[in-house]
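In: Attaching a predicted model along with its sequence, questions to come.
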Amino acid sequence: MVSNPDTLQVAMVSFTLVEAVVGLLLILGLGTRLMSVGVFFLALGILLGSGWLGTTCLDEWQIGVLGVSSGFVLFLTGSGAYSLDHFLMTRPYAFTRTRWFTWLGSGHLPVKNLPFTVLVMSCGILGLTLFTNQYFHGGVLGTLHNKSVKPKVEISHIEQHGSHLTFQLFRVEGADVYGSFLIGIEVLDENNKVIKSITQKELAEFPTHRIHNHYVTKIKPGQHSLIIPLGAKADIALDLRGVPIKENYSLKLIDISGIEWTAPIK
């Protein structure tokens, strides 16, 4: 969705509306089992789509697994005495005795061998919990990892046009509230010797007309560096006048933290 902001807009508006309806009807206790399915899938979307977020804790992952579990439990139990479902069931309304009301609202769940069904679903949710924790954070086996700890910048679409070298930067990982601060760009020959270097001061004063941003989140010059926020993608044009570029040359980016990213110039 970060790569397709038009899709992101539709998804966020839809998610907000569904979340509002589900939340309101849960507060009122109306259509409880149907709303619990909404809780289940909303939480599953958060878990699978944003489970890697969180700079100091596994916040989105915790919200996701708790929502999935809570939605399942709510589907099994239905609503309680202070709900509109219960209010309707205590009145002489024929539709509250129908099978569809039981499945969508509340009441005794008409499932054969309910304990076995609960066991299977519980094991499935347990497996989902362990799998996603391992996939996102390595918290079950092996080394812990968190994609929000340090920035990662992808370099692609490197092309030379006369005295200009263009390439695309895409910040795909790192702290969501903290940028990557680029303090150096170097062009290296086949022996890794620097033949062109753009310094920290030059990047802080980098011409904005040589930066073509794709998304709302923008790569831009800051006071001391070139700032690359999470999710930002832009085409960068360097002026390499007087610097011949040959095959086997490479482009290196240097972050203020000391992290370096390198890509071959083809």
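Out: Sure thing, it's come through. Numbers count the residues shown, from 1 in each chain.

In: ok, for the spatially most central residue of the chain, nearest residue in space, not its chain neighbours?
Out: The centroid of the chain falls nearest to residue 50 when counting by C-alpha atoms, centre = their mean (3.9 Å). Leaving aside its sequence neighbours, residue 50 sits nearest to residue 60 (C-beta to C-beta, 6 or more residues apart in numbering; 4.5 Å). Backbone N, C-alpha and C define where each C-beta goes, glycine included.

In: what's downstream of the one helix or strand that neighbour maps to, the next helix or strand?
Out: Using DSSP states H and E, residue 60 sits in helix 59-77. Proceeding C-terminally, helix 59-77 gives way to helix 84-89 as the next helix or strand, assigned by DSSP H and E.

In: would you put the C-alpha positions of that next one in CSV?
Out: Output of helix 84-89 as CSV, limited to C-alpha atoms (Å, rounded to 0.1, in the frame of the first residue of the first chain):
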residue,chain,number,x,y,z
LEU,A,84,-29.7,-5.1,22.1
ASP,A,85,-29.4,-8.7,21.0
HIS,A,86,-30.6,-9.8,24.4
PHE,A,87,-33.3,-7.2,24.5
LEU,A,88,-34.7,-8.4,21.2
MET,A,89,-34.5,-12.1,22.3
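
In: what's the model's confidence in that helix, averaged?
Out: Taken as a whole, helix 84-89 has an average pLDDT of 94.

In: Can you name the next helix or strand after it?
Out: In N-to-C order, the element after helix 84-89 by DSSP H and E is helix 99-104.

In: residues in contact with that following helix?
Out: 31, 33-34, 95, 107-110 (C-beta atoms under 8 Å, 6 or more residues apart in numbering).

In: still on that earlier bit, got the buried residues for the helix holding residue 60?
Out: Buried positions in helix 59-77, judged by neighbour count with 16 or more other C-beta atoms under 10 Å: 60-61, 63-65, 67-69, 71-72, 74-75.

In: just to revisit the earlier point, next step: the contacts of helix 99-104 restricted to helices.
Out: 33-34 (DSSP state H).

In: Kindly reformat the contacts of helix 99-104 as TSV containing pLDDT.
Out: Listed next are those as TSV, based on pLDDT from 0 to 100:
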residue	pLDDT
31	95
33	96
34	96
95	92
107	89
108	89
109	88
110	86
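
In: which one of the contacts of helix 99-104 sits closest to residue 15?
Out: Closest approach to residue 15 among the contacts of helix 99-104 (C-beta to C-beta): residue 34, at 17.4 Å.
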